[in-house]
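In: kindly return the folded structure for what I paste below:
(one chain, ligands or ions: 1)
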Amino acid sequence: MNTEDSYFDVIIVGGGLAGLSSAIHLSKFKIKVLVIEKNTYPKHKVCGEYISNEVLPYLKFLDIDVFKYDAHKINSFELTTIKNKIIKVRLPLGGFGISRYCLDNILAKKVLESNVEILKDAVEDITFINKTFSVKTKSDTTYKAKLVIGAYGKRANLDTKLNRQFIKEKSPFLAVKIHATGNFPDNLVALHNFKGGYCGVSKVENNKINICYITNYNTFKKHKNIQAFQKEILYKNEHLKSIFKNSTSVFDVPLTISQISFLNKKPVENHVLMCGDTAGMIHPLAGNGMSMAIRSAQIVSSLIIDYLDGNIKSRYLLEKQYSMLWNKEFKNRINTGKFIAYLFSLNIVSEIIVLILKPFPKVLQYIIKRTHGKIMTTS
Ligand SMILES: Cc1cc2nc3c(=O)[nH]c(=O)nc-3n(C[C@H](O)[C@H](O)[C@H](O)COP(=O)(O)OP(=O)(O)OC[C@H]3O[C@@H](n4cnc5c(N)ncnc54)[C@H](O)[C@@H]3O)c2cc1C
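Out: Sure thing, here's the model as predicted:
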């Protein structure tokens, strides 16, 4: 196929969880799709790599079985504070641990098996004129489509091109991740609080431990480098110190990202249907961005199928329904996540919260439920 000459029903910008899930879904309905992804697979990404079980029925619908790839079942949650208080509960719904290196690659393979092309290029501009999108890439090629899904993640130059509000403000958050070998329970996801941030720890495939922390730049910049920061700040939490001391990184250097923004975004901008982190990001303290990315892919794909079948009568109605469903599904979760993250950024408050919650595990389970969705149905 000469991709350049073709006119697509849908171009998906970005082949992460949201983009790839949409591509598989749409291909099942014989919709002509192109995915444009700037990187190759497999590739490590900074992420806690714990996913809520709510996605399992939908992954089954996409013909993806993560347990064939050694995903770890996780049913237990532990939270510790700087002063080493600890609270442990059973997760209401549970989840699993799998690396992005593995999961994105499984999805990308399924996209290719579904006869959808994944073009390796970076999108630099998206314009919408005369009911048609023109998607221009770094290699100076333009592709045309009826619809565009923006699934290019947390932030990109495209956000500036699309004049999105959130990109105009600097964000103070940065994150660091390693995979390591060592001893850690298979079924546990742990969140360890430290001054200015927290660190998530859980197992992924091949018995590796994912250690991923987020912090603010102001705390980080006072230290010489990542190692010094970890020793001087993270090690104050005895649980974290023990994890770092008793594990060995399998990465030559830790993976890092900066400028992580939790500011509000819009699910539709310049007629582009935004999906996953591109539409809005939940604070990872609530640990549920991946299932939100997959769920938003399910919502947008179902609506696009209805639109292309003529069941949704106009582009205006498609965009309106998507915005409405997106807000209904995710707005409260994102706000709850923000509020919890704010409370935990006040170290004394987090000590008090853990003290209060300890005798009432059901309250903590309720809070976890508020940041998670319902099991995704496929009917
Ligand atoms: C520190 C941290 C910890 C986290 N921990 C968890 C956790 O434990 N559990 C959880 O559920 N969620 C977690 N999350 C959130 C989760 O990582 C995201 O919500 C998820 O990755 C969103 O998927 P996505 O498909 O929207 O974006 P991404 O996975 O970021 O995919 C976007 C894709 O678009 C591509 N791209 C970008 N720009 C362009 C362009 N111009 N042209 C073409 N391609 C482009 C990128 O290369 C990328 O492959 C965490 C996030 C952070 C920052």
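In: OK, contacts around the closest residue to residue 173 other than its chain neighbours?
Out: Distances taken as CB to CB, 6 or more residues apart in numbering place residue 260 nearest to residue 173, at 4.0 Å, with adjacent residues excluded. Just so you know, the C-beta spots here come from the backbone N, C-alpha and C atoms, and that holds for glycine as well. Residues counted as contacts of residue 260 (CB atoms under 8 Å, 6 or more residues apart in numbering) are 154, 171, 173, 174, 175, 214, 281.
In: now with 10 Å?
Out: 46, 154-155, 171-175, 214, 216, 277, 281, 283-284 (CB atoms under 10 Å, 6 or more residues apart in numbering).
In: hmm, residue 200 and residue 213 touching each other?
Out: Yes. Contact criterion CB atoms under 10 Å: residue 213 and residue 200 qualify, at 7.2 Å.
In: show the subsequent helix or strand relative to whichever strand or helix holds residue 126.
Out: Under the criterion of DSSP states H and E, residue 126 resides in strand 123-129. Later in the chain than strand 123-129, the nearest helix or strand by DSSP H and E is strand 132-137.
In: the more surrounded of residue 213 and residue 200?
Out: Higher neighbour count among residue 213 and residue 200: residue 213, with 28 against 22, using other CB atoms under 10 Å.
In: and the strand or helix carrying that one, what's its mean pLDDT?
Out: In the assignment (DSSP H and E), residue 213 maps to strand 209-216. Mean pLDDT, strand 209-216: 96.
In: ditto for stretch 262-272
Out: 95.
In: then stretch 167-179?
Out: Rounded mean pLDDT across stretch 167-179 is 93.
In: okay, it in CSV with CA atoms only?
Out: The C-alpha coordinates for stretch 167-179 follow below in CSV (Å, rounded to 0.1, in the frame of the first residue of the first chain):
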residue,chain,number,x,y,z
ILE,A,167,1.5,23.4,27.7
LYS,A,168,1.9,27.1,28.4
GLU,A,169,2.6,26.4,32.1
LYS,A,170,5.8,24.8,33.4
SER,A,171,5.3,21.6,35.4
PRO,A,172,7.6,20.9,38.4
PHE,A,173,7.4,17.0,38.3
LEU,A,174,10.0,14.6,37.2
ALA,A,175,10.2,10.8,37.5
VAL,A,176,12.8,8.1,37.6
LYS,A,177,12.5,4.4,37.0
ILE,A,178,14.7,1.2,37.1
HIS,A,179,14.1,-2.5,36.8
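In: how far out from the middle of the chain is that stretch?
Out: 13 Å (CA atoms, centre = their mean, to the nearest Å).
In: coming back round to it: what's the most distant pair in the contacts of residue 260?
Out: Across the contacts of residue 260, the longest distance by CB to CB is 18.9 Å; it joins 216 and 277.
In: for the protein, what's the longest helix?
Out: Determined from DSSP state H, the single longest helix within the chain is helix 315-345.
In: okay, the angle between the helix or strand that comes right after that one and helix 315-345?
Out: For helix 315-345, the succeeding helix or strand toward the C-terminus, using DSSP H and E, is helix 347-357. Per axes from the mean of the first three to the mean of the last three CA atoms, to 10 degrees, the angle that helix 347-357 makes with helix 315-345 is 90 degrees.
In: so which bits of helix 347-357 are buried?
Out: Using 16 or more other CB atoms under 10 Å as the test for burial, helix 347-357 gives 350, 351, 353, 354, 357.
In: how far away is the residue of the stretch 101-250 of the chain found nearest the ligand from residue 168?
Out: Nearest residue of the stretch 101-250 of the chain to the ligand (CB to the nearest ligand atom) works out as residue 153 at 2.8 Å. In this view, residue 153 and residue 168 are 18 Å apart by CB to CB, to the nearest Å.
In: and the two? Which one has more around it.
Out: Shown here are residue 153 and residue 168; by other CB under 10 Å, residue 153 has more neighbours (19 against 10).
In: ok, the closest residue to residue 164 other than its chain neighbours to the ligand distance?
Out: Leaving aside its sequence neighbours, residue 164 sits nearest to residue 269 (CB to CB, 6+ apart; 6.0 Å). Applying CB to the nearest ligand atom, to the nearest Å, the value for residue 269 to the ligand is 15 Å.
In: residue 269: neighbour count?
Out: The burial count for residue 269: 19, using other CB under 10 Å.
In: so what pairs up with it in the strands?
Out: Beta bridges link residue 269 to residue 272, judged by DSSP bridges.
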